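> Predicted coordinates and the sequence they were generated for:
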Amino acid sequence: MFLDELPEFDRKVLEVLRQPLESKEIIISRAARQITYPANFQLIAAMNPCPCGYAFNQDSRCQCSPESIKRYQNRISGPLLDRIDLHIDVPPLKAQELQDPTPAEDSSSVRQRVIYAYKQQMQRQDCLNQALSPKQLEQYATLDSTSQRMIEMAQQRLNLSARAYHRVLRVARTIADLAQSEVIQSPHLTEALSYRGNHS
């Protein structure tokens, strides 16, 4: 889904997804009847950094003013962004990066790490990390004193809501599982916080 290509009406419809993203169900109410449908889905969306699309790395082709960039990015509401776990900027690759022969991690290796993380989560808590309640996070996503101070500072600097705070912990727990670590370490938390960026 490309958010910046949606007409105004569709963006308003997109805002309706806020509740299903949280509750994993859609409730349709009519005059004397109400029906609930399951809606456990994964939202993946993309948008340009500015109206012209060239705002990355002070690209000279971008003529957008800071005000127009802010207005453009504010087309997607904060409450909706707050419910999206990973916010990742993807700048264009430079020529030398495109020609870099260094091999990347192959798909089969990534698959094995994902399978391991999945099994770890089911054995540990009988559900995936994304389904952990705030109470369960206290049990399964504990932080050492250094990480606790780190997330407290990040909460103030990034102005994290309670919802975003819990989402960061779930992501950090998942990163730790992918790294085959029993505990959440500072690098796992740092990576999880980096995915919130300045969007929270």
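Here it is on my side, so go on.

> Wasn't residue 37 part of a strand?
Yes - the assignment for residue 37 (DSSP: H, G, I helix; E, B strand; the rest coil) places it in a strand.

> Residue 84 versus that one, what's the distance?
Using C-beta to C-beta, to the nearest Å, residue 37 is found at 22 Å from residue 84. (Each C-beta comes from the backbone N, C-alpha and C, glycine too.)

> same deal with residue 192?
With C-beta to C-beta as the criterion, residue 192 and residue 84 are 14 Å apart.

> out of the two, which sits in the busier spot?
Taking neighbours as other C-beta atoms under 10 Å, residue 192 and residue 84 compare with residue 192 leading, 24 against 18.

> Any buried residues in the strand or helix carrying that one, and which?
Taking DSSP states H and E as the definition, residue 192 sits inside helix 186-194. By neighbour count on 16 or more other C-beta atoms under 10 Å, the buried set for helix 186-194 is 188-189, 192-193.

> For the residues you listed, give me a markdown table that also has distance to residue 119.
Below are those laid out as a markdown table (distance: C-beta to C-beta, whole Å):
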| residue | distance to residue 119 |
| --- | --- |
| 188 | 18 |
| 189 | 23 |
| 192 | 21 |
| 193 | 26 |
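
> so where do the strands sit in the chain?
25-30, 33-38 (DSSP state E).

> Okay, now the sheet partners of the last one, with direction.
When sheet partners are counted by DSSP bridges, strand 33-38 sits next to strand 25-30 (antiparallel).

> got the contact list for the partner strand?
19-20, 34-39 (C-beta atoms under 8 Å, 6 or more residues apart in numbering).

> ok, residue 121 to residue 80 distance?
For residue 121 relative to residue 80 (C-beta to C-beta), the value is 26 Å.

> need the contact list for the spatially most distant residue from the centre of the chain.
The C-alpha centroid of the chain is most remote from residue 32, which lies 37.6 Å away (C-alpha atoms, centre = their mean). Residue 32 makes contact with no residue, according to C-beta under 8 Å, 6+ apart.

> quick one: low-confidence parts of this protein?
1-15, 57-59, 197-200 (pLDDT under 70).

> change it to 80
The chain contains residues with pLDDT under 80 at 1-18, 56-60, 197-200.

> and the lengthiest helix in it, what other elements does it pack with?
In the chain, taking DSSP state H as the definition, the longest helix is helix 107-125. For helix 107-125, the contact count by 3 or more C-beta pairs under 8 Å, 6 or more residues apart in numbering; DSSP states H and E identifies helix 134-140, helix 162-178 as packing neighbours.

> Fine by me, thanks again.
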